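Enquirer: my questions are about this predicted structure, shown below with the sequence.
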Amino acid sequence: MRLSGKKILITGGGSGIGLELARRLADANHVIIAGRGEAQLERARADVPALHPIRLDVTSETEARDAVASLAADAGGLDLLVNNAGFFRSYPLASPDAGKKSVEDIEVNVVGVVRMTSLALPLLQASPEAGIVFISSPIALAAVPGYAIYGATKAAVRSLARSLRAELAGSGIRVFEAMPPLADTGPVRDVDVPKVSPGTVADAIVAGLEQDRHEIRIGRIRQLVPLARISPRLGDRFVRQAVTPPEGNS
């Protein structure tokens, strides 16, 4: 995919991987970053003046529709949607607030992704070269205590990406799935395990898009995907070690 002259929307683009990806694409493209925190978006634009921030909560049908309408009116369309907004958190399903948290996680990580993709498709279909990026997770491939809901949401995203790729075959819309390891951003900073920088993830995503790699497996995740297929138990162990602090380092 040629990443030049594109109109790009990145949800969750005010920080972390989304912002780093926006930085790398801003010089040669019209990049819109969307998020719920207006102050965070303004700080991002102050740091990278070429960015175009818009307020967007992907759990709101009204805000999502307004954001897509503004793309048509102000940007003149859309060529690439990056579904980056999402919650990452761990909690036992038996915890008192698990019901509330799980609904929030599903609303953002799954329903919000489906909503934005569905609303954006008419604009993408009008683009001569379009793409959709889904951010999944290695936890989607493994059984990890404490991450039952997060893993389920990312498994749904992975399945959505694969099915939509088949559904849109021949349409000219490319569907990408990026699967990064833990990146040192947001709530992940509090997890005492080895992490990669958000910039490393962003660089890998850009390279994957340019090379038309529909599954962008980043870092050690390239080893995990075949391992989880051949030996699910080893895949579980691989991911648990990656996201679980060693004893005494909690």
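Expert: Structure received.
Enquirer: and for the residue nearest to residue 181 when sequence neighbours are not counted, the neighbour number?
Expert: Leaving aside its sequence neighbours, residue 181 sits nearest to residue 219 (Cβ to Cβ, 6 or more residues apart in numbering; 4.9 Å). In this view, the C-beta of every residue, glycine as well, is placed from N, C-alpha and C. Counted with other Cβ atoms under 10 Å, the neighbours of residue 219 add up to 17.
Enquirer: my guess is residue 219 is in a strand, correct?
Expert: No: the assignment for residue 219 (DSSP: H, G, I helix; E, B strand; the rest coil) gives coil, which keeps it out of a strand.
Enquirer: quick one: distance of the helix or strand hosting residue 10 to the chain centre.
Expert: Assigned by DSSP states H and E, residue 10 belongs to strand 7-11. Centroid displacement of strand 7-11 relative to its chain, using Cα atoms, centre = their mean, to the nearest Å, is 12 Å.
Enquirer: change the start of the numbering to 706 and stick with it
Expert: Sounds good: first residue 706 from here, last item strand 712-716.
Enquirer: which strands and helices sit next to the helix or strand that it is followed by?
Expert: Moving toward the C-terminus from strand 712-716, the next helix or strand (DSSP H and E) is helix 721-731. Here helix 721-731 touches strand 712-716, strand 735-740, helix 903-915, going by 3 or more Cβ pairs under 8 Å, 6 or more residues apart in numbering; DSSP states H and E.
Enquirer: and the longest helix for this protein?
Expert: helix 853-872 (DSSP state H).
Enquirer: could you tell me the angle between the next helix or strand after it and helix 853-872?
Expert: Next along the chain after helix 853-872, taking DSSP H and E as the criterion, comes strand 878-884. For strand 878-884 against helix 853-872, the angle by axes from the mean of the first three to the mean of the last three Cα atoms, to 10 degrees is 150 degrees.
Enquirer: report the angle between strand 878-884 and helix 903-915.
Expert: Angle, strand 878-884 to helix 903-915, by the same axes, to 10 degrees: 150 degrees.
Enquirer: which helices and strands does strand 878-884 pack with?
Expert: Of the remaining helices and strands, those touching strand 878-884 by 3+ Cβ pairs under 8 Å, 6+ apart are helix 817-830, strand 835-840, helix 853-872, helix 903-915, strand 920-922.
Enquirer: same list (these) but as CSV, adding mean neighbour count.
Expert: Formatted as CSV, these follow (neighbours: other Cβ atoms under 10 Å):
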stretch, mean neighbour count
helix 817-830, 19
strand 835-840, 24
helix 853-872, 18
helix 903-915, 19
strand 920-922, 21
